[in-house]
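*Asks:* From the sequence below, what's the structure:
(one chain, ligands or ions: 1)
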Amino acid sequence: MSSETRPSPVRVHILGAGPVGLLLTALLQSTERFSVHLYEKRREYTRTRMVQLASYLVADSVASYCTDYIDEESVLAVFDPREIDEGLALRQSIPSDLMTLLRGWTQGFCPLNAIERSLSDLIDARQSYPVQRTTANVAAPEAMAMLEPGDILIDCTGSRSVLRDELAPNAAAGDDCSSRALPAADGANTLQIRLEYALVITFLYGQAYDCNEHCKYIKNIDNPHYKFIPAVNRTYYDGSLTHVTGIVTISAEDYERMPSRFDGHWLRSNFPHVAESMDRFIAKIKEETNGEIVGDLEIIRIPLDLYRARNATSREWRRTGPADHPLARSLVYLAGDSAMGSPYFQSISLGFECAMFLAGLLGRRDLPLADTLDRYEFYAYQQWMRVYMRSKMIKHNKDLLVSVGNTDALLEKLHIY
Ligand SMILES: Cc1cc2nc3c(=O)[nH]c(=O)nc-3n(C[C@H](O)[C@H](O)[C@H](O)COP(=O)(O)OP(=O)(O)OC[C@H]3O[C@@H](n4cnc5c(N)ncnc54)[C@H](O)[C@@H]3O)c2cc1C
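*Replies:* Below you'll find the model as predicted:
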């Protein structure tokens, strides 16, 4: 097609250059169909936490996509093999520079800022379709004001999403009987379920150390409360050090009395029972492997929430809103933590998975862009079903594990029929 007859590219605004916004940018940047504008409020990437990505992100067959020791059967129940196949086929078009990065990240543990920086550098290094970047804190009215008819906006602004609660036309917060029936829910377009309050504790250990369910039980046997439960995939030996991350459940009162981030020294002075519990756990690792902790504990306290946007797109605005409203005239999608969130170290993978699907849909020339709203809504719902079931299963199993040895407590948590 000559440049005179070529349609002008569709403008895509991506709000938020965290891992998911960056991945979407890198995916959509690779085609002449879109001109991408990326907005980010942070000036540099400084988040040092280590993260792990799921291997299904780089799966190349339905069987390898489904293989998972927690929820293999749920995946087969939620997704039709043809849908998984379609998702895998869409992935074939991912440029090789990007696929190489993804493969590397699914091998082990990686600092979050290394993922962000590599994606950001890759976007900037590509010459053919440059991305326009703006450093700004974009609020919802500004985001809507910049939308012209036919524009695409993808909100990747994380758990405090800029546009999530704007996507339900005429919705009033809490004005919804389904939300009243649930343990915790908030936001005009947000369903939120609080699973627990937790300390996420990370430390480095100077020997190879691996963990399984037996280890989690045995090493906590003398801890009546505040059991430290490492996440299996979060003990990672890099050749000289093992990175260990795990969760200690705390009460809402403990949570209120703690700062958002602290170290082992602060824990010892202010919550000695939690510190003693950690010490007992670590002493048992040392007995087995004769190593030492390197440095101090790094601790953050967070509520572990499962949540989702009831509308993950502007579909409802197009159906029922005034036609001249910016959200009705353009195509808006939520991706990453903006669309849904889950605890237990799985959200980036979930966000990446949805981002790859969305980029694949938007790239399909046989599909009118407006039809992608329905497809993405359905897909986001399926991913929500998966992560909801998976997270509830992990939480339930974790609750049972901490009661092993105490038959009454264990029986109280077992509900059969
Ligand atoms: C301790 C801890 C450990 C974790 N470990 C794992 C793990 O092992 N594996 C895993 O999969 N997940 C893990 N997670 C979760 C993971 O970090 C998040 O799911 C992931 O960062 C979400 O990516 P995102 O791009 O959707 O959102 P974010 O990372 O939150 O990025 C949002 C971006 O949008 C920008 N932004 C926000 N508002 C605006 C605005 N108004 N204007 C402009 N820019 C804006 C922000 O600055 C940010 O850069 C962990 C989380 C925690 C807290």
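
*Asks:* wait, doesn't F352 sit right on V20?
*Replies:* Yes - assessed by C-beta atoms under 8 Å, F352 is found in contact with V20 at 6.6 Å. Glycine gets a C-beta too; all of them are placed from N, C-alpha and C.

*Asks:* Looking at those two, which has the bigger crowd around it?
*Replies:* The residue with more neighbours, out of F352 and V20, is V20; 30 against 24, by other C-beta atoms under 10 Å.

*Asks:* which non-adjacent residue is nearest the more buried one?
*Replies:* G336 (3.0 Å; C-beta to C-beta, 6 or more residues apart in numbering).

*Asks:* Scan this structure for its longest helix.
*Replies:* With secondary structure taken from DSSP state H, the chain has its longest helix at helix 372-403.

*Asks:* List every C-alpha atom in the helix or strand following that one, with coordinates, as CSV.
*Replies:* Toward the C-terminal end, the helix or strand that comes next after helix 372-403 (DSSP states H and E) is helix 407-413. Output of helix 407-413 as CSV, limited to C-alpha atoms (Å, rounded to 0.1, in the frame of the first residue of the first chain):
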residue,chain,number,x,y,z
THR,A,407,-6.9,-31.8,65.2
ASP,A,408,-9.7,-29.6,66.5
ALA,A,409,-8.4,-26.5,64.7
LEU,A,410,-7.9,-28.5,61.6
LEU,A,411,-11.4,-30.0,61.6
GLU,A,412,-12.9,-26.5,62.2
LYS,A,413,-11.4,-25.4,58.8
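
*Asks:* helices or strands up against helix 407-413?
*Replies:* Other elements packing on helix 407-413 under the criterion 3 or more C-beta pairs under 8 Å, 6 or more residues apart in numbering; DSSP states H and E are helix 372-403.

*Asks:* Would the helix it packs on count as contacting the ligand?
*Replies:* No - if you take C-beta under 6 Å from any ligand atom as the test, helix 372-403 misses the ligand, and the best it gets is 10.7 Å.

*Asks:* Repeat that for stretch 31-39.
*Replies:* Yes - using C-beta under 6 Å from any ligand atom, stretch 31-39 comes into contact with the ligand via Y39.

*Asks:* Offset the numbering so it begins at 9, please.
*Replies:* Okay, residue one is now 9; in that scheme the one you just asked about reads as stretch 39-47.

*Asks:* Just the buried residues of that stretch, please?
*Replies:* T39, R41, F42, S43, V44, H45, L46, Y47 (16 or more other C-beta atoms under 10 Å).

*Asks:* Quick check: of the residues you listed, which lies closest to the ligand?
*Replies:* Among the buried residues of stretch 39-47, Y47 lies closest to the ligand (C-beta to the nearest ligand atom), at 5.1 Å.

*Asks:* Just want the phi and psi numbers for that closest one.
*Replies:* Main-chain torsions, Y47, degrees, to the nearest 10: phi -110, psi 130.

*Asks:* For it, give me its contacts.
*Replies:* By C-beta atoms under 8 Å, 6 or more residues apart in numbering, the residues touching Y47 are H21, I22, L23, G24, A25, R141, T142, T143, A144, V146.

*Asks:* quick one: which of the residues you listed is nearest P157?
*Replies:* H21 (13.5 Å; C-beta to C-beta).
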